[in-house]
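Asks: need the 3D shape of this:
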Amino acid sequence: RYTALREEPAKTTDGKIIDLRMNAGLMADLPSLTSSGANGVGLFRTELQFLIRNQMPKRSELKNLYSRVLEAAKGKEIVFRTLDIGSDKVLSYMPNINEANPALGWRAIRIALDRPSIMRMQIEALIRASNGRNLSIMFPLISQDSEFYKAKELVDRVLSGEKRLGHNIPNELKVGAMLETPSLAYAPEDFFTAVDFLSVGGNDLKQFFFAADRENELVRRKYDTLSSSFLTYLKFVINRCKELKTPISFCGEDAGRPIEAVCLCAIGFSSLSMRPASIGPVKHLLRRVNLEELSNIINSEIKGVFNHTPEPLAENLTDLSESIKVNKSDFGIAVDPDVDRLVFFDENGEILGEEYTQVFCSDFVLSKNKGDTVSTLSSSNALKDLTISYGQKYYSTPVGEMNVVKKMKEVNSIVGGEGGGGIIYPELH
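Replies: Sure thing, here's the model as predicted:
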């Protein structure tokens, strides 16, 4: 479906070009650089090579792997994240620390700074693998500027040692940090000028921002990336980086969800990193959206022009669809109550995958498939005139005649008729 876009830029209708990169962690991921159309690897998870072994890898083994990764990239930038273990990523050959709150405990850069020999060995392997090529590395879970400075000092010492040994050092070395804790946004200005780049680690940042464990199904789906509070915080981070000329990108699951992705770009992110399969759908939507118009909608919400709700942008679906330049023809739409998310069906009645979940497209038509009954929206203005209950609030406009049927799980109740109707959660009956 997206093959034709592979070589095309992610250029919005108002002329902004977004840098789309992929996440990786194994050599097997690298062919996706070409097939997905990614501009590079925004996150290479180096911990996977530690996790799949029953003993600490040797420096020479890591050097050989990193060298093959750089060769496979054919000049595209690879950002290597240094060892990110702890919490849910436990090495079998290291002592297992029993912690009450492992996500907030001894992990990532905290382990690296307490066990510098491991980090030193990995940095040596990366520098030797670069063999004169450009090298980009970043440290995970930096919570305060002092952690970055200590880690950067270790890199500088290793670099000096490699020079003395006569090894070929990187042509250019960029050292960045992942912003995964809210505190880092308030670091002194000197930190923002010292770091070569920042990458917002959306998965961890969101759980710390909302104090909601992302592994806990009871709470993790209650909090939305597009909430006013989280968007306001991200915009604050972006503005600090813009002021101090610090390159910033966004990395995480939300970067690969088309609607979330365009909203992140609308508030100021110009680089996103995601799983390879998401690049096509995200690029497809970006090429149809006017970011300036969407930015105005979001800024108005942040400033309180609209009523604040747990899902603020849902209230403005009409405005959002206009911004994306959708031809509002018939298509399949429902609410999946399990994930609080709009669900779309293709022309065969099949539910589209997660990467399509919030893509508004003109060619989605809801129909019957293999005997299953599904709802059909007959209104030619289906999206604009749809009444949707989202969270705990209704968003209503008149809706045309709607054929009322049911589909297991995806739709709990659909009501319709002349003059009104909509999709309703069971708990709101």
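
Asks: could you pull out the helices for the protein?
Replies: 32-36, 48-51, 59-73, 109-114, 116-130, 145-164, 189-194, 202-210, 228-243, 258-266, 276-286, 291-302, 317-323 (DSSP state H).

Asks: state the mean pLDDT of stretch 216-229.
Replies: Mean pLDDT, stretch 216-229: 88.

Asks: any chance of the helices of the chain in a markdown table, plus distance to Leu26 and mean neighbour count?
Replies: Where you see a C-beta, it was placed from the backbone N, CA and C, and this is true even at glycine. As requested, the helices of the chain are exported to a markdown table (distance: least, CB to CB, whole Å; neighbours: other CB atoms under 10 Å):
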| stretch | distance to Leu26 | mean neighbour count |
| --- | --- | --- |
| helix 32-36 | 11 | 17 |
| helix 48-51 | 6 | 17 |
| helix 59-73 | 9 | 17 |
| helix 109-114 | 21 | 19 |
| helix 116-130 | 16 | 20 |
| helix 145-164 | 24 | 16 |
| helix 189-194 | 32 | 15 |
| helix 202-210 | 19 | 20 |
| helix 228-243 | 30 | 17 |
| helix 258-266 | 24 | 25 |
| helix 276-286 | 12 | 23 |
| helix 291-302 | 34 | 18 |
| helix 317-323 | 37 | 18 |
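
Asks: out of the ones you listed, nearest to Arg1?
Replies: With respect to Arg1, and counting by CB to CB, the nearest of the helices of the chain is helix 276-286 at 6.9 Å.

Asks: contacts only, for Asn96.
Replies: Val90 (CB atoms under 8 Å, 6 or more residues apart in numbering).

Asks: what backbone torsions are found at it?
Replies: phi -90, psi 110 (degrees, to the nearest 10).

Asks: quick check, pLDDT for it.
Replies: Listed pLDDT for Asn96 reads 78.

Asks: what about it, distance to Leu285?
Replies: 43 Å (CB to CB, to the nearest Å).

Asks: wouldn't Asp88 be in contact with Gly105 here?
Replies: No - the pair Asp88 / Gly105 is not scored as a contact, 11.2 Å apart, by CB atoms under 8 Å.

Asks: do you know how far the closest residue to Asp190 other than its chain neighbours is from Val155?
Replies: Leaving out its chain neighbours, the residue that sits closest to Asp190 by CB to CB, 6 or more residues apart in numbering is Asp145, at 7.3 Å. Using CB to CB, one obtains 15 Å as the distance from Asp145 to Val155.

Asks: Ala187 contacts Glu147, correct?
Replies: No - counting by CB under 8 Å, Ala187 does not reach Glu147; the two are 10.1 Å apart.

Asks: shared neighbours of the two, anything?
Replies: Between them, Ala187 and Glu147 share no contacting residue, judged by CB under 8 Å, 6+ apart.

Asks: which outside residues touch stretch 156-174?
Replies: Everything outside stretch 156-174 that qualifies as a contact, by CB under 8 Å, 6+ apart, is 120, 123-124, 127-128, 130-137, 155, 196-197.

Asks: ends of it, what's the gap?
Replies: Distance between the two ends of stretch 156-174: 12 Å, counting by CA to CA, to the nearest Å.

Asks: repeat that for stretch 2-13.
Replies: 18 Å.

Asks: list of residues touching that stretch?
Replies: 17-20, 35-37, 265, 279-284, 286-291, 325.

Asks: repeat that for stretch 16-23.
Replies: Stretch 16-23 is contacted from outside by 9-12, 29, 32-33, 36-45, 249, 251, 265, 269-276, 279, 282-283, 286, 291, using CB under 8 Å, 6+ apart.

Asks: now the helices of the chain in a markdown table, with distance to Glu180?
Replies: What follows is the helices of the chain, written out as a markdown table (distance: least, CB to CB, whole Å):
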| stretch | distance to Glu180 |
| --- | --- |
| helix 32-36 | 24 |
| helix 48-51 | 18 |
| helix 59-73 | 23 |
| helix 109-114 | 10 |
| helix 116-130 | 18 |
| helix 145-164 | 12 |
| helix 189-194 | 15 |
| helix 202-210 | 4 |
| helix 228-243 | 12 |
| helix 258-266 | 16 |
| helix 276-286 | 20 |
| helix 291-302 | 22 |
| helix 317-323 | 28 |
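
Asks: so where's this protein uncertain?
Replies: By pLDDT under 70, the weakly predicted segments of the chain are 304-429.

Asks: could you redo the last one with a cut-off of 80?
Replies: For the chain, applying pLDDT under 80 flags the ranges 1, 88, 95-96, 301-429.

Asks: now Phe210: closest residue in space that isn't a chain neighbour?
Replies: Phe210 sits nearest to Tyr223 (CB to CB, 6+ apart), 4.1 Å away.

Asks: and the gap between Asp204 and Arg107?
Replies: Counting by CB to CB, the gap from Asp204 to Arg107 is 10 Å.

Asks: any residues in contact with both of those two?
Replies: What both Asp204 and Arg107 touch, as defined by CB under 8 Å, 6+ apart, is the set Leu141.

Asks: okay then, goodbye and thanks.
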